[in-house]
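Enquirer: Need coordinates for the following:
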Amino acid sequence: MMITVLTQESCPSCVNAKNTLAQLADEYPIDVREIPLASTEGKGLANRVGIVFAPGILIDGELFSYGRLSEKKLRRHLSKLEWPATAMPARKN
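Expert: I've put the predicted structure just below:
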């Protein structure tokens with residue numbers, strides 16, 4: 001699963017989103033890609049899915065959220081998905 005984060009410089013919510021996604025990458029088989037919102041690619045993605053401000057979160061190319069990322073909402077979404085047993089990393093104790 002690819003999670004794309006559209007970020008902006010000097011954005012505390014972007015830092016929070018990147019930190020949250022880094023933690024979740026230890027628990028779920030996700031790949032995280034960061035794209036500057038001000039870049040040509042970032043602007044194109046934002047326009048296509050309707051992101052108004054950073055951070056914008058896309059899951060497999062579809063809008064998940066923008067603005068402050070809710071870890072609880074994202075965890076709930078990820079836990080509802082069916083993952084192959086071989087894709088899940090071992091949990092750290």
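
Enquirer: for the chain, longest helix please?
Expert: Ranked by residue count and defined by DSSP state H, the top helix of the chain is helix 12-24.

Enquirer: which residues in the protein form helices?
Expert: Going by DSSP H, the chain shows helices at 12-24, 40-49, 71-80.

Enquirer: Kindly compare burial across those and name the winner.
Expert: When the helices of the chain are scored by mean count of other C-beta atoms under 10 Å, the highest mean neighbour count falls to helix 12-24 (a mean of 16). Placement of C-beta: from N, CA and C, glycine included.

Enquirer: elements contacting that one?
Expert: Where contact means 3 or more C-beta pairs under 8 Å, 6 or more residues apart in numbering; DSSP states H and E, helix 12-24 is packed against strand 2-7, strand 31-36, helix 71-80.

Enquirer: before we move on, the earlier item: of the helices of the chain, which approaches Ile3 most closely?
Expert: helix 12-24 (6.1 Å; C-beta to C-beta).
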